[in-house]
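Undergrad: Quick check, what structure comes out for this input:
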Amino acid sequence: MGYLLGGIGGAIVASSLGSNKDIDYANADVEELRKDEKNISVRHSKLTRLVMKKGLSGYTLRMEYDIQDKGYKVSAKVVPPSELVKQRKSEGATHGEIEAEYVEKIRQAFEMAMPPEAKQKMEWMV
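TA: This is a model prediction of the structure:
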């Protein structure tokens, strides 16, 4: 397919914009994700950098890409789905543990979805 689907990135952006819609991106239809204007769809070849960084207020995902010789940057706070937070808290997990587990799932999803040349542009500073 050749796309870095912003499904996960879109979910993070949507969460940061106050959306309360939790979507199972691991099982969602790729074409439906691409059609949703709230998501970002970028060809792998256009990706210049993908950074996950841990800061004082949690994790931030930044995607940098070029389209028609113009660079774009999208940053968003990573927010685990509310159902996951509720479930893991009931199991005794701390908020920090829940966030770290969620970030690891995001990393794994990107690793599985991206070709080797795009994976080289990933930076996980967590």
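
Undergrad: only C-alpha atoms for contact and neighbour calcs from this point on.
TA: OK.

Undergrad: What ranges does this protein have for its helices?
TA: 7-16, 30-35, 82-90, 95-113, 116-119 (DSSP state H).

Undergrad: and Leu61, which of those is closest to it?
TA: Evaluated with CA to CA, the helices of the chain place helix 7-16 nearest to Leu61, the distance being 7.5 Å.

Undergrad: Residue ranges in this structure under the pLDDT threshold?
TA: By pLDDT under 70, the weakly predicted segments of the chain are 1-26.

Undergrad: mind running it again at 90?
TA: Applying pLDDT under 90 to the chain flags the ranges 1-46, 57, 67-69, 76, 81, 105-121, 124-126.

Undergrad: Hmm, Ala78 is touching Ser57, no?
TA: Just so we're on the same page, residue 78 is Val rather than Ala. No: in this structure Val78 lies outside contact range of Ser57 using CA atoms under 8 Å: 10.1 Å.

Undergrad: So for the two, which residue has more residues nearby?
TA: With neighbours defined as other CA atoms under 10 Å, Val78 and Ser57 compare such that Val78 has more, 25 against 7.
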